[in-house]
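K.L.:
here's my sequence, what's the structure:
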Amino acid sequence: MPITIPKEGISVRHLAESLGLWEQISAGVSSRCCGDRATVLLPQIAAIRVLGSRATSRLGSYTFRGKDPVCIRLQLAQEPESLCRTFLHELAHACDHLYRGWRPRRRFGHGEQWRRWAQILGAAPRSAGSSKAVTALHQQRQKLVAVCQGCGAEIRRARRLNQKGRYIHPPCGGTLKRI
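P.N.:
Next up is the predicted model:
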């Protein structure tokens, strides 16, 4: 059964419980944190909003503003097992961010600390995943946006080309005419 998320979103805990992952997440956070840190971190993680995403070029993302988590966005068109992997992947970003704290100009990518969180939560410590369903959705959204005047090649994209600027078709050097 596909997961649906209302427009206003749901909490991490609500989604994790519906996917049967909350106990795994709770145990992972408790094993990683020393002392009372888990009792502070778990409610913060549980309260993060999860929103659906329309993006077809990525399966999920974690957004934060300074020290505060904003949300986790998930592309819901992906297969159920891929959705679980993506959710745990993005949750590892949230845990890494909340655990290490925030400092200006600090990025929370796929480094060593994030990989530790991913392994503890049960996600593969990789930076990218794939979904046949999301790839198919991306292909469906592509429209004809330009035609090369040199070789006649059709350029298809999910987004339109910017109206400003002159576009060149790299394979032949011809000018692209916007549609």
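K.L.:
pLDDT on the top helix by length along the chain, on average?
P.N.:
Longest helix in the chain, counting residues (DSSP state H): helix 80-100. Helix 80-100 shows a mean pLDDT of 92.
K.L.:
other SSEs contacting that helix?
P.N.:
Judged by 3 or more C-beta pairs under 8 Å, 6 or more residues apart in numbering; DSSP states H and E, the packing partners of helix 80-100 are helix 12-19, helix 22-32, helix 37-47, strand 60-65, strand 68-74, helix 112-121. For the C-beta atoms, the positions are set from N, CA and C on the backbone; glycine is no exception.
K.L.:
after the lowest-mean-pLDDT helix or strand in the chain, next one along is what?
P.N.:
Every helix and strand of the chain was ranked by mean pLDDT, DSSP states H and E. The lowest is helix 132-141, at a mean of 78. As assigned by DSSP states H and E, the chain's next helix or strand after helix 132-141 is strand 143-148.
K.L.:
who wins for proximity to Cys172 among the helices and strands packed on helix 80-100?
P.N.:
strand 60-65 (35.7 Å; C-beta to C-beta).
K.L.:
the closest one pairs with which strands, parallel or anti?
P.N.:
strand 68-74 (antiparallel) (DSSP bridges).
K.L.:
quick one: the partner strand to chain centroid distance?
P.N.:
Centroid separation for strand 68-74 versus its chain: 9 Å, with C-alpha atoms, centre = their mean, to the nearest Å.
K.L.:
hmm, back to that, next, the buried residues of the longest helix of the chain.
P.N.:
Residues of helix 80-100 classed as buried by neighbour count (16 or more other C-beta atoms under 10 Å): 82-99.
K.L.:
report the contact partners of the residue nearest the centre of the chain.
P.N.:
By C-alpha atoms, centre = their mean, the chain has its centre lying nearest to Gly60, at 1.6 Å. Counting by C-beta atoms under 8 Å, 6 or more residues apart in numbering, Gly60 touches 53, 72-75, 86-87, 89-90.
K.L.:
among the residues you listed, which pair sits farthest apart?
P.N.:
Most distant of the contacts of Gly60, by C-beta to C-beta, are Ser53 and His89, 13.7 Å apart.
K.L.:
for the residue nearest to Pro69 when sequence neighbours are not counted, give its distance to Arg73.
P.N.:
Counting by C-beta to C-beta, 6 or more residues apart in numbering, Pro69 lies nearest to Ile48, which is 4.8 Å off, once chain neighbours are set aside. Taking C-beta to C-beta, to the nearest Å as the measure, Ile48 falls 11 Å from Arg73.
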